[in-house]
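> Give me coordinates for this.
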Amino acid sequence: MANFEAKGKMSPWQLGMVTTSSLLTARLLSATTIIVHYSEQFLWLSTALAGLFFYAAAYLMICLGEQFPEETIGEYTPRLVGKRFGAVIFLVFIAVLLLDIINCATALTTLSSVFLFDQTPPEFLVLVLLLAVVYCAMQEWGTILRVIQILILAVPMLYIFYSLIWFNFEPLNLLPFWSDNFIGILQGIPYHTDYYAGYESLLVLLPLASRGKVSFARTVGWGFLVIILIYVVGAIALVGSITAKTIANVQDPVIYAMKSIELPGTFIERLENYMIMYFMPVTYISMVLNYFVVAEGCRKYLKYKDHRTFIPVFLPLIFWVSSFVDTPARQETFRNFSMYIALFFSFVIIPILLFLVWRKKGSNPQCSIK
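Sure thing, here's the model as predicted:
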């Protein structure tokens, strides 16, 4: 029988697949409403620009990681900024990933408790989801990689199902095709953190990837391109089917759009339930990956032999915070807090670390795309 835990390395293309597959989660369902407040019917343009914006952050992280090929962020930051500041930066990194896990758990269980299990306490759903995530995250990386490769098959199924909203598409809803609200389009970019969350895992996953003829920047870039195309086409379909004004005034516009679909016959009902079911394995990928990265990062930082030691440590915190963020107002506040922390880490801390590498090495750190 094959040993599924034997493989400890992945190819550059697997790194790109794993990293970008974690971007698509249930978090984007409620975030769309906030973004459309700024970008209006140009949600697609704001989403495309945001994809380039966040890929730039991922590219900087790849450049930083390639200066220390066999080390994670927790191992080389103390040498760059000292032990104290290195510890602070590592804690911010861990916080970003934990906040992502909590946001995913909150988004998925909130939708499930409303549409699928309306008599089930959200706390129970959070607990069941976290136990499933913990079980997978306790495995070796080879096993986790194979689980992700299997569950990623849900992504095309999800998108095919989502494409049913094209039945209600009206081109007039996209007018005008030229906008004078470019400031609003740009203001919507930071709120796409919910669309492009999880690429920070690169800072721990890079040492697990084998160096090959294709650069990490290229494989991750292709993954981002696929996700951007999925989001852009999905945004055009969404605005064209229910209008930007409607999106800005409903809590979960994607679910609202699915409810408005009328298919011939009565053999399929409540399409929004199927949509949520397809989001489960997709969101599960992101949660498992981030949880493993948190544990693996702590293992390397504290020089432990096994990442499993740190899996139970964060479980009570994640469960308590996920259960506490149980109202729309709390969820919005928590999302905004998570957004600011993630943006600060990606666009302030990482460039500073790269600058310090440049100073110490006396030359511009190279990061090739080939």
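> Quickly note the distance from Ala50 to Thr333.
For Ala50, the distance to Thr333 (CB to CB, to the nearest Å) stands at 21 Å. C-beta: built from backbone N, CA, C; applies to glycine.
> For those two, work out which one has more neighbours and name it.
Ala50 (24 against 12; other CB atoms under 10 Å).
> Who are the contact partners of that one?
Gly188, Ile189, His192, Tyr195, Tyr196 (CB atoms under 8 Å, 6 or more residues apart in numbering).
> now Leu353
Counting by CB under 8 Å, 6+ apart, the residues that Leu353 touches are Leu64, Thr77, Leu80, Val81, Ile89.
> how many neighbours does Glu75 have?
For Glu75, the count of nearby residues is 18 (other CB under 10 Å).
> Does it lie in a helix or a strand, and which?
Following DSSP states H and E, one finds Glu75 within helix 73-81.
> List the contacts of stretch 83-99.
For stretch 83-99, contacts defined as CB under 8 Å, 6+ apart pick out 73-74, 77-81, 198, 200-201, 203, 290, 293-294, 297-298, 301, 314, 317-318, 334, 337-338, 341-342, 344-345, 349, 353.
> and what of stretch 240-250?
32-33, 36-37, 40-41, 43, 165-171, 173-174, 238-239, 253, 256-257, 260.
> what about 7 Å?
32-33, 36-37, 40-41, 43, 165, 168-171, 173-174, 238-239, 253, 256-257, 260 (CB atoms under 7 Å, 6 or more residues apart in numbering).
> Show me which of these are buried.
32-33, 36-37, 40-41, 43, 165, 173-174, 238-239, 253, 256-257 (16 or more other CB atoms under 10 Å).
> Number of residues surrounding Tyr159?
15.
> And for Ile150?
Ile150 - counted by other CB under 10 Å - has 11 other residues nearby.
> Same question for Tyr304.
Neighbour count for Tyr304, taken as other CB under 10 Å: 14.
> What about it? Give its phi and psi, please.
Backbone torsions of Tyr304, given as degrees, to the nearest 10, read phi -90, psi 170.
> What of Met10?
phi -130, psi 160.
> The one 5 residues further on now?
Main-chain dihedrals, Leu15, degrees, to the nearest 10: phi -60, psi -50.
> got it, and the one 5 residues further on?
Main-chain torsions, Thr20, degrees, to the nearest 10: phi -80, psi -30.
> Burial check on it, number of neighbours?
For Thr20, the count of nearby residues is 25 (other CB under 10 Å).
> Contact partners for it?
Counted by CB under 7 Å, 6+ apart, Thr20 has contacts Val220, Gly223, Phe224, Val226, Ile227.
> Could you pick out the buried ones from the contacts of stretch 83-99?
Applying 16+ other CB under 10 Å to those flags 73-74, 77-78, 80-81, 198, 200-201, 203, 290, 293-294, 297-298, 301, 314, 318, 334, 338, 342, 345, 349, 353 as buried.
> Would you mind measuring from Val114 to Asp326?
12 Å.
> my bad, should have said Leu315
18 Å.
> What's the separation between Gln119 and Leu125?
11 Å.
> Comparing those two, which residue is more hemmed in?
Counted by other CB under 10 Å, Gln119 and Leu125 do not tie: Leu125 has more neighbours, with 21 against 5.
> Which strand or helix spans the closest residue to that one other than its chain neighbours?
Once flanking residues are discounted, Leu125 sits nearest to Thr109: 4.2 Å by CB to CB, 6 or more residues apart in numbering. Per DSSP H and E: Thr109 is located in helix 83-111.
> What are the contacting residues of the helix or strand following that helix?
Heading C-terminal from helix 83-111, the first helix or strand you meet, by DSSP H and E, is helix 122-137. Identification of contacts with helix 122-137 by CB under 7 Å, 6+ apart yields 105, 108-110, 112-113, 117, 144, 147, 284, 287-288, 291-292, 295, 311, 315, 318-319, 322-323, 326.
> Pull out the buried residues from those residues.
Buried among the contacts of helix 122-137 by 16+ other CB under 10 Å: 105, 108-110, 112-113, 144, 147, 284, 287-288, 291-292, 295, 311, 318-319, 322-323, 326.
> where does the stretch 151-300 of the chain dip in pLDDT?
Across the stretch 151-300 of the chain, the ranges flagged by pLDDT under 70 are 263-272.
> At which residues are the helices of it located?
Here the stretch 151-300 of the chain has its helices, by DSSP state H, counting those that start in this stretch, at 154-162, 182-187, 202-205, 216-242, 244-247, 253-259, 271-302.
> Which one of those lies nearest to Met10?
helix 202-205 (8.1 Å; CB to CB).
> who does the closest one touch, helix- and strand-wise?
Applying 3 or more CB pairs under 7 Å, 6 or more residues apart in numbering; DSSP states H and E, we find helix 202-205 packed against helix 12-21, helix 43-66, helix 271-302.
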